[in-house]
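Peer 1: just need the structure, nothing else, for what follows:
(one chain, ligands or ions: 1)
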Amino acid sequence: MILTAAGNIIIGITGGIAAYKACDLIRLFVKDKFCVHPVMTKAATEFITPLTVSCLSSKKTVVDIFDSSIEGNVGHIELADIADLMLIAPATADIIAKIASGIADDPVSLISMAFYGTREKPFVIVPAMNYRMYHNPATQKNLEILKERGVIIIDPEEGELVCGETGEGRLASVDVIYNVVIKALDETRDMKNINAIVTAGGTEEPIDPVRVISNRSSGKMGYAVAKQLKKRGAKVTLISSVDLPDPGVDEIAKFKTAADLKDILDSKFPSCDLLVMAAAVADFKPKEQSDKKLHRSDGGITIELEPTDDIIANLAKDRGDRFIVGFAAESEYMISRAKSKLESKGLDMIIANDISRSDIGFGSEYNEVVVLDKNCEKTIKRDLKINIAKGIVDEIASMI
Ligand code: CTP
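Peer 2: Numbering: from 1, shown residues only. Below is the predicted model:
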């Protein structure tokens, strides 16, 4: 599943005449580079076709809870997990009642349950129905229940209804819905004023034109942090040595050696507010490099190594009020080593992980880390790196 720079929105469409207006909403979100995941009830498909919705969103419309092609192993959970916001427009009295009471027997109510129950992410419901159905005490009670749970309800407009009657029940205008969604998403963008640099991947120090001294860093943790920062509104420059898919950041610069990385950081660090140094930097490099390939037939060789600059420690000396986060991949004495690096390098925060474990860390999709700063120590339990990144960014956001 692709995470776009703008974010992921689930749009639930239920069976009402206003269903066609969902098409305009999808177009607006897609135009603004959101990834829109449509979900429809069977009743909604009586008003507009899933094909129309799929064409507009460029995503398969979920119309069947047993559809095995919903992305992920447990599709509705993964979809709910990855979305930044869920919107139901139009929402019938029926779907409102189901969500208020926890019924999950159609795609929209099912995904609502998975979305709403697990994350503090905006959930926007836009009722549209006959005014008598809207004012029915059952509907009003259900809307109250949802509001109390933090769901954003966009009240319907008053006007002529399709049944010929006049009253409150028309779907709020597409512009109003669009603006509420953008504002709700904006409020989740707690890093929006931050200019961040994230480094990712390992360095390569050449021995000759063919061989290098490198390390096993995959860069995945750094990319996950960059993606998370971007999602939360930061301007992100990713400085990377690996070829992973672009996580939708503002700029990517590439490095190979520790010296390359230092040069790039020297030019970019002064204009940043936050540096997250997830790159695994070589501590030593060959003192001399052969410009010609070394041959086995020449016999054994001894490579003399010299230390590289401690990039993060040097940057931290002249950091002003920039926030600096380092990483410490340790195989023993993890906490004490991380604490001493936090202090000796002059960092604001260090993220320690245990590389002796085979179920997390290098190359794995999973990690478990301990976030340390001067005053506290917090474990973020084993999880997908993208979720670990969310926990790390939560910690940074609470301090920056
Ligand atoms: N780091 C750096 N420059 C280096 C080495 C490391 O900026 N030459 C940064 C890493 O990107 C990381 C932090 O320092 O954010 C800690 O890296 P680590 O390799 O654990 O620290 P070292 O000081 O190299 O200690 P060790 O001997 O344990 O490798």
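Peer 1: ok, Gly300 - contacts?
Peer 2: By C-beta atoms under 8 Å, 6 or more residues apart in numbering, the contact set of Gly300 is empty. All C-beta spots, glycine's among them, are computed from the backbone N, C-alpha and C.
Peer 1: surely it is within a strand?
Peer 2: No: read with DSSP: H, G, I helix; E, B strand; the rest coil, Gly300 is coil and lies in no strand.
Peer 1: flag every buried residue along stretch 99-113.
Peer 2: Ile99, Ala100, Ala104, Asp106, Pro107, Val108, Ser109, Leu110, Ile111, Ser112, Met113 (16 or more other C-beta atoms under 10 Å).
Peer 1: thought the last one was touching Ala104?
Peer 2: Yes: contact status for Met113 versus Ala104: in contact at 4.3 Å, counting by C-beta atoms under 8 Å.
Peer 1: contacting residues for Asp32?
Peer 2: The neighbours of Asp32, taking C-beta under 8 Å, 6+ apart as the test, are Ala6.
Peer 1: now it: how far from Ile125?
Peer 2: 21 Å (C-beta to C-beta, to the nearest Å).
Peer 1: again, but for Pro90
Peer 2: Here the distance between Pro90 and Ile125 works out to 10 Å (C-beta to C-beta).
Peer 1: between those two, who's got more neighbours?
Peer 2: Pro90 (28 against 24; other C-beta atoms under 10 Å).
Peer 1: list the contacts for the residue of the stretch 101-250 of the chain found nearest the ligand?
Peer 2: At 6.6 Å from the ligand, Thr199 is the closest residue in the stretch 101-250 of the chain, using C-beta to the nearest ligand atom. Each residue near Thr199 by C-beta under 8 Å, 6+ apart is listed here: Gly222, Leu238, Ile239, Ser240, Phe255, Leu261, Leu265, Leu275, Val276, Met277, Ala278, Ala279.
Peer 1: please redo it, this time with the cut-off set to 7 Å
Peer 2: Contacts for Thr199 (C-beta atoms under 7 Å, 6 or more residues apart in numbering) come out as Gly222, Ile239, Leu261, Met277, Ala278, Ala279.
Peer 1: pLDDT of the helix or strand containing it, averaged?
Peer 2: Per DSSP states H and E: Thr199 is located in strand 195-200. Strand 195-200 shows an average pLDDT of 98 in the prediction.
Peer 1: the very next helix or strand once past that strand pairs with which strands, parallel or anti?
Peer 2: Counting by DSSP H and E, the element after strand 195-200 in chain order, helix or strand, is strand 205-206. Applying DSSP bridges to the sheet, strand 205-206 is found paired with strand 212-213 (antiparallel).
Peer 1: mind listing what's buried in the helix or strand bottoming out on mean pLDDT in the chain?
Peer 2: Lowest by mean pLDDT, DSSP states H and E among the helices and strands of the chain is helix 75-82, with a mean of 79. Buried positions in helix 75-82, judged by neighbour count with 16+ other C-beta under 10 Å: Gly75, His76, Ile77, Leu79, Ala80, Asp81, Ile82.
Peer 1: need these in CSV with distance to Arg232, can you?
Peer 2: Shown next, in CSV, are the buried residues of helix 75-82 (distance: C-beta to C-beta, whole Å):
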residue, distance to Arg232
Gly75, 25
His76, 24
Ile77, 22
Leu79, 20
Ala80, 19
Asp81, 16
Ile82, 15
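Peer 1: would TSV of those with distance to the ligand be doable?
Peer 2: As requested, these are exported to TSV (distance: C-beta to the nearest ligand atom, whole Å):
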residue	distance to the ligand
Gly75	37
His76	38
Ile77	34
Leu79	34
Ala80	34
Asp81	29
Ile82	28
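Peer 1: and this structure, which residues reach the ligand?
Peer 2: 258, 277, 279, 281, 283, 308, 310-312, 326-329, 341 (C-beta under 6 Å from any ligand atom).
Peer 1: now for Asp208, how many residues are close by?
Peer 2: 16.
Peer 1: Ser358 now?
Peer 2: Neighbours of Ser358 (other C-beta under 10 Å): 8.
Peer 1: just the element for it, please.
Peer 2: Assigned by DSSP H and E, Ser358 falls within no helix or strand.
Peer 1: please report phi then psi for it.
Peer 2: Dihedral pair for Ser358: phi -90, psi -10, per degrees, to the nearest 10.
Peer 1: distance of it relative to Ser364?
Peer 2: Going from Ser358 to Ser364 by C-beta to C-beta gives 8 Å.
Peer 1: what segments of the stretch 1-150 of the chain are helices?
Peer 2: With helices called from DSSP state H, counting those that start in this stretch, the stretch 1-150 of the chain shows them at 19-31, 50-57, 75-82, 93-101, 107-116, 131-135, 137-148.
Peer 1: coming back round to it: now, of the residues of the chain next to the ligand, which are buried?
Peer 2: Neighbour counting with 16+ other C-beta under 10 Å marks 258, 277, 279, 281, 308, 310-312, 326-329, 341 as buried within the residues of the chain next to the ligand.
Peer 1: name the nearest residue to Lys378, ignoring sequence neighbours.
Peer 2: Leaving aside its chain neighbours, Lys378 sits nearest to Val371 (4.8 Å; criterion: C-beta to C-beta, 6 or more residues apart in numbering).
Peer 1: given the helix or strand in which the one you found is found, what are its sheet partners and their directions?
Peer 2: Assigned by DSSP H and E, Val371 falls within strand 366-372. Here strand 366-372 is paired, per DSSP bridges, with strand 349-354 (antiparallel), strand 377-384 (antiparallel).
Peer 1: flag every buried residue along the following helix or strand past the longest one.
Peer 2: Next helix or strand after strand 377-384 toward the C-terminus (DSSP H and E): helix 385-399. Of the residues in helix 385-399, those buried under the neighbour-count criterion (16+ other C-beta under 10 Å) are Lys385, Ile386, Asn387, Ile388, Ala389, Lys390, Gly391, Ile392, Val393, Glu395, Ile396.
Peer 1: ditto for stretch 138-150
Peer 2: Buried residues in stretch 138-150 (16+ other C-beta under 10 Å): Thr139, Asn142, Leu143, Leu146.
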